[in-house]
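Colleague: build me a model:
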Amino acid sequence: MVSNRNQAFGVYVHWPFCLSKCPYCDFNSHVRHAAIDEDRFARAFAREIETTAARAPNREVSSIFLGGGTPSLMRPQTVAAILEAIGKYWRVASDVEVTLEANPTSVEATRFAGYRAAGVNRVSLGVQALDDASLKMLGRLHSVREALDAVAIARRSFERYSFDLIYARPDQTAEAWTSELKLAIAEAAEHLSLYQLTIEEGTPFFGLHAAGKLKTPDESLARSLYDVTQEVCGQYGLNAYEISNHARGGAECRHNLVYWRAHEYAGIGPGAHGRLDIEGVRHAISTEKRPEAWLMRVEANGHGVVVDDLLNSEERADEFLLMGLRLAEGIDPSRYLALSGRPLDPRRIALLREEGAIVVDADGRLRVTQAGFPVLDAVVADLAA
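Modeller: Next up, the predicted model:
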């Protein structure tokens, strides 16, 4: 956990390429059958890092996250070049957390040793299911055996590792999910990211679902699967510190806490998002999504930025509320007041407390309850109104 919440600064780096596109995924990921010119991309990443650091200088990087796409398709020397550029243009904390996302299909011990040597000290594996039929349905290219082998390699290579699972899958029962979750916890050690399957517009699953060919659990079953998730993880000491993320005390993903605590982070690479404070104003920044178009923009201009919006005080406060209430630790209402210039409505707080959706701690922190988390969007909308 970051000791000083006021100084966290993260760098997110997006590697946009995958071996195949999963049918549920709406992330900015692309399949390329020709070889990727990694040297050229590495130079572009370094250039965008340099330009971004010039706009937001004198920061100390507390966390770096290499996401995607599938960053574990990168050569270790590409990762090393990116991390070297970050260290060249910003100060890097001595205890920096450096996470790399990996797919079990792209894991090998020598490659992981290379990432470790490059400076990666935490890995996050996209396991998604510990059931072969579900993996096939989700369009994953690995088996359960390959996934568990990858977890074993991660365990040997890194002190810190995590993996993702998707639940509320078609035909999933509470009993089957309980067994799967117990197996996951036995393998995961300190951190699990557990997401309910959502049907996103523009994905193949969206079309199948609309045509009635893909049936997801109804609301009551989805809720019971969520409750099972909380109960089982709680029994084994992996409490939810965020609505979808579970960890042992001290093993939280520090980079994700940067987002949820509404701190600053730089977004580097195709389709990356950032939040930077420049001359006292919060900028919401995003880059060109298409990898080759991003590359040409960076080579021409030094960056791939296509959106650079200034957030007003109300937008900043709403974002703080939206992100912070996802955390078990909740928010400090005085920070909302400082950002927005107005306090949260005490009548709305009182009503939500009566309904059991939120609690207010002795120190004044406002937190969403277990009963409130499944209706978090409504709670946030009510408070922000």
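
Colleague: tell me, how many residues neighbour the residue lying closest to R335 once chain neighbours are set aside?
Modeller: Among residues not flanking R335 along the chain, F320 sits closest, at 6.6 Å (Cβ to Cβ, 6 or more residues apart in numbering). Heads up, the C-betas are built off the backbone N, CA and C, glycines and all. The tally of other residues near F320 (other Cβ atoms under 10 Å) stands at 20.

Colleague: hmm, P333 and F320 touching each other?
Modeller: No: F320 lies out of contact with P333 (Cβ atoms under 8 Å); the separation is 10.5 Å.

Colleague: quick check: E101 touching V79?
Modeller: No: applying Cβ under 8 Å as the test, E101 and V79 come out as separate, 11.5 Å apart.

Colleague: name the residue in those two with the higher neighbour count.
Modeller: V79 (26 against 19).

Colleague: next up, the contacts around the more buried one.
Modeller: L66, P71, L100, G114, Y115, A118, G119, V120 (Cβ atoms under 8 Å, 6 or more residues apart in numbering).

Colleague: where does it land in three-state SS?
Modeller: helix (DSSP: H, G, I helix; E, B strand; the rest coil).

Colleague: go on, G237?
Modeller: Classification of G237 using three-state DSSP returns coil.

Colleague: do the same with R353
Modeller: helix.

Colleague: show me where the stretch 151-300 of the chain has helices.
Modeller: With helices called from DSSP state H, counting those that start in this stretch, the stretch 151-300 of the chain shows them at 174-188, 204-210, 219-235, 254-260, 291-301.

Colleague: how about these in JSON lines, adding mean pLDDT?
Modeller: Below are those laid out as JSON lines (pLDDT from 0 to 100):
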{"stretch": "helix 174-188", "mean pLDDT": "94"}
{"stretch": "helix 204-210", "mean pLDDT": "69"}
{"stretch": "helix 219-235", "mean pLDDT": "91"}
{"stretch": "helix 254-260", "mean pLDDT": "97"}
{"stretch": "helix 291-301", "mean pLDDT": "97"}
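
Colleague: nearest to Y89, of these?
Modeller: helix 291-301 (14.5 Å; Cβ to Cβ).

Colleague: next secondary structure element downstream of that closest one?
Modeller: strand 305-310 (DSSP states H and E).

Colleague: tell me the mean pLDDT over the next helix or strand along the chain from that following strand?
Modeller: Note on strand 305-310: by DSSP H and E, the next helix or strand toward the C-terminus is helix 313-324. Averaged across helix 313-324, pLDDT comes to 94.

Colleague: mind starting the numbering at 24 from now?
Modeller: I'll keep to 24 as the first residue from here, and by that count the last item is helix 336-347.

Colleague: may I have the distance across stretch 316-333, first residue to last?
Modeller: Terminal residues of stretch 316-333 lie 24 Å apart, using Cα to Cα, to the nearest Å.

Colleague: can you pull the buried residues of it?
Modeller: In terms of neighbour count (16 or more other Cβ atoms under 10 Å), stretch 316-333 has its buried residues at W317, L318, R320, V321, H326, G327, V328.

Colleague: go on, stretch 133-143?
Modeller: R134, F135, G137, Y138, R139, A141, G142, V143.

Colleague: contacting residues around it?
Modeller: Contacts of stretch 133-143 (Cβ under 8 Å, 6+ apart): 89, 95, 98-100, 102-103, 106, 121-123, 125, 146, 176-177, 180-181.
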